[in-house]
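A.B. asks: structural data only, the sequence is not supplied:
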């Protein structure tokens, strides 16, 4: 079992919950191959919408991968993203800033946003437990 952070705007997290899917990195397939059934994914939303300028900076959801199937859909003409099914879990949003000094995956606390630039990153069980406890995850 592995633990991940997916960087996704809050409005896309809401759509993901509605559709019970995970789509990362503008619909690329390769990042999804790293995730396997039973892995946990924490969603981090730096913004409410992809076009927003105002920062949001919250962990917004937690999901669990339900299988190992990656599939492609035609969302609209010219955009055929890859997705996988996930089960969203009951939790509450939480701010990242109070957690920065405790998170192992953020080595440089002054440039704390740097690890999020890849869109999907693996984190330790310790970091997952810290974030999920602050999000009041109920499993």
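C.D. replies: That came in fine, so what should we check first? All of these numbers come straight from a predicted model, not from anything done at the bench.
A.B. asks: residue boundaries of the strands in the protein?
C.D. replies: 3-7, 21-22, 40-45, 58-72, 82-88, 94-95, 120-123 (DSSP state E).
A.B. asks: tell me the contacts of residue 132?
C.D. replies: Residue 132 makes contact with 40, 42, 62, 91, according to CB atoms under 8 Å, 6 or more residues apart in numbering. All C-beta spots, glycine's among them, are computed from the backbone N, C-alpha and C.
A.B. asks: any idea how far residue 13 is from residue 62?
C.D. replies: Distance of residue 13 to residue 62, computed by CB to CB, to the nearest Å: 10 Å.
A.B. asks: shared neighbours, the two?
C.D. replies: With CB under 8 Å, 6+ apart as the test, residue 13 and residue 62 both reach residue 43.
A.B. asks: circling back to that earlier point, out of the strands of the chain, the one nearest residue 129 is which?
C.D. replies: strand 3-7 (8.8 Å; CB to CB).
A.B. asks: and that closest one, what does it pack onto?
C.D. replies: strand 40-45, strand 120-123, helix 125-134 (3 or more CB pairs under 8 Å, 6 or more residues apart in numbering; DSSP states H and E).
A.B. asks: which other residues reach that strand?
C.D. replies: Counting by CB under 8 Å, 6+ apart, 22, 24, 34-35, 39-46, 105, 116, 118-125, 127-128 sit against strand 3-7.
A.B. asks: ok so, going back, out of the contacts of residue 132, who's nearest residue 56?
C.D. replies: residue 42 (14.7 Å).
A.B. asks: what's the neighbour count on that closest one?
C.D. replies: 22 (other CB atoms under 10 Å).
A.B. asks: so it versus residue 51, what's the distance?
C.D. replies: Distance of residue 42 to residue 51, computed by CB to CB: 23 Å.
A.B. asks: re the thing from before, nearest to residue 111, out of the strands of the chain?
C.D. replies: For residue 111, the closest of these is strand 120-123, at 14.7 Å, according to CB to CB.
A.B. asks: what packs against the closest one?
C.D. replies: On a contact count with 3+ CB pairs under 8 Å, 6+ apart, strand 120-123 meets strand 3-7.
A.B. asks: partner strands of the strand it packs on, with direction?
C.D. replies: Strand 3-7 sits in its sheet next to strand 40-45 (parallel), strand 120-123 (antiparallel), going by DSSP bridges.
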